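[1] Coordinates only, no sequence provided:
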């Protein structure tokens with residue numbers, strides 16, 4: 001496999017100025033940006049998917065790295081950012097910064113717990129739950145999210161209850177937003193439960209199990225992403241007939257409902273917390289329980 005370096009402008013703060021071009025069997029050449037500090041984001045040339053990798057404790061450096069990787073993905077008009085993550089947990093403040101970036105992203109984020117032997121524990125649970133698509137590799141686990149005091153000290157009973165209840169509410173909110181298992185999210189915090197990748201898939205904690213990055217990208221091809229219909233009051237109050245009367249607008253980057261004068265664009269998805277870089281050929285609206293999501297299919301990678 002041939003590898004060559006070529007100079008290039010730094011695409012985002014903190015990234016190096018050289019581009020390594022390589023290829024994998026059956027896939028387009030991968031463009032790998034060499035990071036100054038951490039693992040590298042890389043772009044699958046024909047698929048416009050950015051891949052970033054992180055292994056270690058969640059801290060301010062992690063949050064900055066993820067923010068830069070996401071900025072790079074947005075600047076390159078990527079269809080998705082895949083973050084390969086292996087973490088024992090970390091700081092609540094850094095975790096929340098990362099989750100805010102994910103929920104406010106103009107690019108769909110896929111969190112992939114990998115490689116085999118890796119985990120998403122503590123703060124990693126919240127981050128994985130917050131992703132538009134959550135995936136795990138075989139031989140990984142997720143859970144054990146009960147909050148602990150910094151430095152290993154003991155909290156008094158009142159403070160422990162306050163911190164625990166805050167973490168539970170946050171975990172449940174994230175899980176509900178993404179249509180994941182809310183009861184399990186609460187148990188992961190209160191009872192420190194942990195599950196394997198297969199158990200997580202069965203419990204609807206995650207969406208996919210993939211052996212490696214090429215297998216993950218293959219499974220992501222044509223995947224659907226949902227957002228709550230309650231974010232769009234006009235569509236929420238519209239009749240089924242009015243919702244069914246839509247057309248593609250904005251040069252293929254939006255949808256218009258003339259009966260209720262509602263427009264959804266890729267930028268609008270980004271502001272609401274979920275965004276598809278390009279609307280595909282199929283749209284469906286349906287009802288599940290108390291939440292009615294809007295579905296739009298991702299373009300082929």
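    It's in. In this text the structure is predicted, and so the values were computed from the model without any measurement.

[2] contacts and neighbour counts: CA atoms only from here.
    Fine.

[3] Report the residue spans of this protein with pLDDT below the cut-off.
    Residue ranges of the chain with pLDDT under 70: 1-47, 150-153, 224-231, 251-253, 265-301.

[4] Contacts for the longest helix seen in it, please.
    The single longest helix within the chain, with elements called by DSSP state H, is helix 157-178. Residues from elsewhere that reach helix 157-178 (C-alpha atoms under 8 Å, 6 or more residues apart in numbering): 126, 129-132, 146-147, 181-183, 185-186, 189-190, 226-228.

[5] Among those, name the ones in helices.
    126, 129, 130, 182, 183, 185, 186, 189, 190.

[6] Next up, the contacts around the third one.
    The neighbours of residue 130, taking C-alpha under 8 Å, 6+ apart as the test, are 99, 102, 103, 174, 175, 178.

[7] And it, how close does it get to residue 211?
    Distance, residue 130 to residue 211, by C-alpha to C-alpha, to the nearest Å: 22 Å.

[8] go on, the fifth one?
    Between residue 183 and residue 211 the distance is 27 Å, computed by C-alpha to C-alpha.

[9] Equivalent analysis for residue 63, please.
    26 Å.

[10] how far away is residue 108 from residue 203?
    From residue 108 to residue 203 the distance is 23 Å (C-alpha to C-alpha).

[11] same deal with residue 239?
    33 Å.

[12] more neighbours, these two?
    The neighbour count for residue 239 versus residue 203, taken as other C-alpha atoms under 10 Å, is higher for residue 203 (15 against 12).

[13] Tell me who's in contact with the more buried one.
    By C-alpha under 8 Å, 6+ apart, the contact set of residue 203 is 181, 184.

[14] next one: phi and psi at residue 246?
    Here is the backbone geometry of residue 246 (degrees, to the nearest 10): phi -130, psi 160.

[15] Equivalent analysis for residue 241, please.
    The phi/psi pair for residue 241 (degrees, to the nearest 10) reads phi -70, psi -40.

[16] So what's the residue count around it?
    Burial of residue 241 is recorded as 9 neighbouring residues (other C-alpha under 10 Å).

[17] measure it to residue 209 for me?
    37 Å.

[18] ok, back up a step: just want the angle from the longest helix of the chain to helix 182-190.
    Counting by axes from the mean of the first three to the mean of the last three C-alpha atoms, to 10 degrees, helix 157-178 lies at 150 degrees to helix 182-190.

[19] What residues sit buried inside helix 157-178?
    164-165, 167-168, 170-178 (16 or more other C-alpha atoms under 10 Å).

[20] again, but for stretch 238-246
    For stretch 238-246, by 16+ other C-alpha under 10 Å, it's 243, 246.

[21] Run through who's touching it.
    Outside stretch 238-246, the residues touching it (C-alpha under 8 Å, 6+ apart) are 235, 255, 256, 257, 258, 259, 260, 285.

[22] Can you tell me which of the residues you listed are buried?
    235, 255, 256, 257, 259, 260.

[23] is the second one in a bridge, and if so with what?
    With beta bridges defined as DSSP bridges, residue 255 has these partners: residue 248, residue 264.
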